[in-house]
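J.: Sequence first, then the predicted structure:
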Amino acid sequence: LAREVLSFKKGSHWTNSQELLIEILDSSGVARYQEINDPFIPGYDRLYMNFIIVYDSELNLKWKGAIKDFYVTTELGAEISKQTQLAHFPVKDLEEGDFIHLQLTRKSIDKAQHLPYKNHIASRDIQTAKDVFELHNPPSNLRVEDYGLSELSEKDNKMIWTFEFPPTTQYEALMPSIRDIASGITLAENRSWESIGREYENLLKHQYSNSITVKEKAYELRGNKHDPQIIVDSTINWIRRYIKYKNTGFGGSSLIPAKSSETLSRFQGDCKDQSLLLKEILAVFNLKSYLTLIHLKEPVSVGMPTIQ
């Protein structure tokens, strides 16, 4: 059983809580759920484990998690402010036939002006008897895209979607879009791509450093080339070859790319870092370019604009 609640009010902190009741059927379940992991982004959201409890097959209390049992890991380095951290919640004394009951809550650090984009996937790679998603205080300009079978009810300024036995999914190479085989719902405010783009550009304005390091690298890469297309191609090829790709997904503080001088000094960066570096190098020679959002797994929804 699964239940998720997203509560939003303009000008306040949003909260996103998830509650799960998991039945351990066999030894593979024991191995899988000996530890619960959940990522969070420093500077963007806080993660709270409200409770995590183990019951035996007769629903007698066996174990209750405590703060001293939990820990957080992170990847150290110059880019630590951008990295997702991983919270670890070990589950003790777990055996076949047991039940795990847990509730996690995320809370935004900054006060939100817009409903956070949410893609709630009811389908999992294990059988789920019932999945419920609730949106509290929905905005008037809410846009909803649901897929699969669900039942919607509304009461007390809440929208509640219920999914009974959503189909199980297994992620594989070359699989169809998740929307074609699973059940879920996508939520966002009805905004335009233009407004999303302007908002993102405003977030980036302090990252344009116009540094000496970037200019020196630009002239080094250009050499004696003057054809704009050749300059563009050679710069792209150099970045592909020498700037090691390091995955950091969109979300929270990871929305903001590193300054190009930092990317050059580390010789690594994610797609946002590499794109900004390319843009700044081309700008040295007054070659205009635009940052472009591309989703490599699914088509971008024209009617559901979001940078995440």
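T.: Received it, and whenever you're ready, just let me know what you need.
J.: C-alpha only now, for contacts and for neighbours.
T.: Fine.
J.: List the contacts of the helix or strand where S28 lies.
T.: Assigned by DSSP states H and E, S28 belongs to helix 27-32. Helix 27-32 has contacts (Cα atoms under 8 Å, 6 or more residues apart in numbering) with I24, L94, E95, E96.
J.: ok now do the first one, which residues does it touch?
T.: Contacts for I24 were tallied using Cα under 8 Å, 6+ apart; they are V30, E95, E96, G97, D98, F99, I100.
J.: what does the second one give?
T.: L94 is in contact with V30, Q34, V54, counting by Cα under 8 Å, 6+ apart.
J.: same question, I126
T.: Going by Cα under 8 Å, 6+ apart, I126 touches T168, T169.
J.: Please name the nearest non-neighbouring residue to K288.
T.: Using Cα to Cα, 6 or more residues apart in numbering and skipping residues adjacent in sequence, the residue nearest K288 is L282, 7.0 Å away.
J.: pLDDT score for the one you found?
T.: L282 carries a pLDDT score of 95 in this model.
J.: which residue lies farthest from the center of this structure?
T.: N224 (42.8 Å; Cα atoms, centre = their mean).
J.: Give me the distance between it and A218.
T.: Counting by Cα to Cα, to the nearest Å, the gap from N224 to A218 is 12 Å.
J.: now swap in M304 and tell me
T.: 37 Å.
J.: Next, count neighbours for the residue nearest to L291 when sequence neighbours are not counted.
T.: Once flanking residues are discounted, L291 sits nearest to S275: 6.8 Å by Cα to Cα, 6+ apart. For S275, the neighbour count with other Cα atoms under 10 Å is 19.
J.: Below-threshold pLDDT in the protein: ranges please.
T.: Under the criterion pLDDT under 70, the flagged ranges of the chain are 75-84, 248-254, 297-300.
J.: Helices of that one, start to end?
T.: For the chain, applying DSSP state H gives helices covering 27-32, 178-181, 193-204, 212-222, 228-242, 260-266, 271-284.
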